[in-house]
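1. let me see the structure of the following:
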Amino acid sequence: MKQRDASDAVTGPPVGRSRLRRVRSGTGRGGGFEKRGGKGRGDGTVRRGVPLPLLLPALVGLVFLLLPMVALLVRAPWRNMPELLSSTEVWQALQLSLISATAATAVSLVLGVPLAWVLARTDFPGRGFVRALVTLPLVLPPVVGGVALLLALGRNGVVGQWLDSWFGITLPFTTAGVIVAEAFVAMPFLVISVEGTLRAADPRYEEAATTLGASRFTAFRRVTLPLIAPGIAAGAVLAWARALGEFGATITFAGNFPGRTQTMPLAVYLALQDDPEAAIALSLVLLAVSIAVLAGLRDRWMTAS
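-> Numbering: from 1, shown residues only. This is a model prediction of the structure:
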């Protein structure tokens, strides 16, 4: 009995040893040992000081990214904002941008969701190459994309000449051309988002639906779509925002005609030469849209601090 008491005095009771093991393994209260030099938090993480060689470039980078937006807000003509945004030219650009961006997003949904499903759920030769081609507009300069659209869908283009001669459809320098250009640059955002959501979803639900007699399309419509609805919504918002801010492909393929093809980015570019205050007002509208998109996607694309 004395030997057991002496052993407990040295090693501690069994409860103490098990608690020590939990703390060492990170499963006890506090999430593990607190490292020296850091300040512990309730969730088990450790806050440390930022090294000066990293802090200074980080602050410079933050200022570099925020300074243009701050300057835009400081120099904005807030008193004349209602008048500037209510002018005919600005209203036409706003209206056309909203309509064309929404139509381009609808086109992206109709074509992009099935494309994402094919890339995520089927296996065929060259799938990686096809995925690379789908994401190519993300890195392709927008002006190059506009030139490519002209060569493909212009009156003398590879496909455009047949659209013109057979159906009388001409896309360049029309409102429909704006929608096509915006959908071309915005659809990859939707495809990437939906494909990632499909890969994260469990395919066994679809397999269970097919074993119960449902066709693959019925399983997709009744099972898969509800599962990936958040990913589709996030991709649609990203595509809409990208379409709203498109400039290079639009001006190359559709031109810059007020009331017909002049969207907000084109109006900003044109107003910057003649009416800088109107350009700032339109830029603020685009900035507000971008902030709204980030706020809407915060829980999906950002990590809470």
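
2. go ahead and confirm Ala93 touches Leu266.
-> Yes - using CB atoms under 8 Å, Ala93 makes contact with Leu266 at a distance of 7.3 Å. Every residue, glycine included, has its C-beta placed from N, CA and C.

3. dihedrals phi and psi, Asp123?
-> When read as degrees, to the nearest 10, the backbone of Asp123 gives phi -120, psi 120.

4. residue contacts, it?
-> If a contact means CB atoms under 8 Å, 6 or more residues apart in numbering, then Asp123 has no contacts.

5. quick check, pLDDT for it.
-> pLDDT recorded at Asp123 is 86.

6. quick one: it from Val130, how far?
-> Separation of Asp123 from Val130 (CB to CB, to the nearest Å): 12 Å.

7. let me see the confidence value for Phe33.
-> Phe33 is given a pLDDT of 41.

8. what does Leu140 give?
-> What the model reports as pLDDT for Leu140 is 89.

9. Arg155: what secondary structure?
-> Following DSSP: H, G, I helix; E, B strand; the rest coil, the label given to Arg155 is coil.

10. for the spatially most central residue of the chain, which non-adjacent residue is spatially closest?
-> Residue closest to the average C-alpha location in the chain (CA atoms, centre = their mean): Leu238, at 3.9 Å. The shortest distance from Leu238 to any non-neighbouring residue, by CB to CB, 6 or more residues apart in numbering, is to Phe189 (4.2 Å).

11. who does the strand or helix carrying the one you found touch, helix- and strand-wise?
-> Using DSSP states H and E, Phe189 sits in helix 175-200. Packing partners of helix 175-200 (3 or more CB pairs under 8 Å, 6 or more residues apart in numbering; DSSP states H and E): helix 88-121, helix 127-134, helix 136-139, helix 142-153, helix 229-244, helix 248-253.

12. take the ones you listed and write them to JSON lines, including distance to Pro51.
-> Converted to JSON lines, these look like this (distance: least, CB to CB, whole Å):
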{"stretch": "helix 88-121", "distance to Pro51": "42"}
{"stretch": "helix 127-134", "distance to Pro51": "38"}
{"stretch": "helix 136-139", "distance to Pro51": "33"}
{"stretch": "helix 142-153", "distance to Pro51": "39"}
{"stretch": "helix 229-244", "distance to Pro51": "35"}
{"stretch": "helix 248-253", "distance to Pro51": "40"}
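
13. who's in contact with Leu163?
-> Taking CB under 8 Å, 6+ apart, one finds 153, 169-171 in contact with Leu163.

14. could I get the pLDDT score of it?
-> On the pLDDT scale, Leu163 gets 89.

15. and it, how far from Leu133?
-> For Leu163, the distance to Leu133 equals 22 Å [CB to CB].

16. how about low-confidence regions in the stretch 151-300 of the chain?
-> Of all residues in the stretch 151-300 of the chain, those with pLDDT under 70 make up the ranges 297-300.

17. return the closest of the contacts of Leu163 with respect to Ser87.
-> The closest of those to Ser87 turns out to be Leu171 (CB to CB; 29.0 Å).

18. burial check on that closest one, number of neighbours?
-> Neighbourhood size, Leu171 [other CB atoms under 10 Å]: 25.

19. am I right that it is in a strand?
-> No - counting by three-state DSSP, Leu171 falls outside a strand, being coil.

20. so what's it up against?
-> Leu171 makes contacts with 153-154, 160, 163, 177, 180, 253, as judged by CB under 8 Å, 6+ apart.

21. by neighbour count, which of those wins?
-> Phe253 (29 neighbours).

22. so Asp202 is in which element?
-> Counting by DSSP H and E, Asp202 is part of no helix or strand.

23. please report phi then psi for it.
-> Main-chain torsions, Asp202, degrees, to the nearest 10: phi -80, psi 120.

24. let me see the confidence value for Val118.
-> Taken from the predicted model, the pLDDT recorded for Val118 is 91.

25. what number of residues lie near it?
-> Neighbour count for Val118, taken as other CB under 10 Å: 15.

26. roughly how far apart are it and Leu52?
-> For Val118, the distance to Leu52 equals 51 Å [CB to CB].
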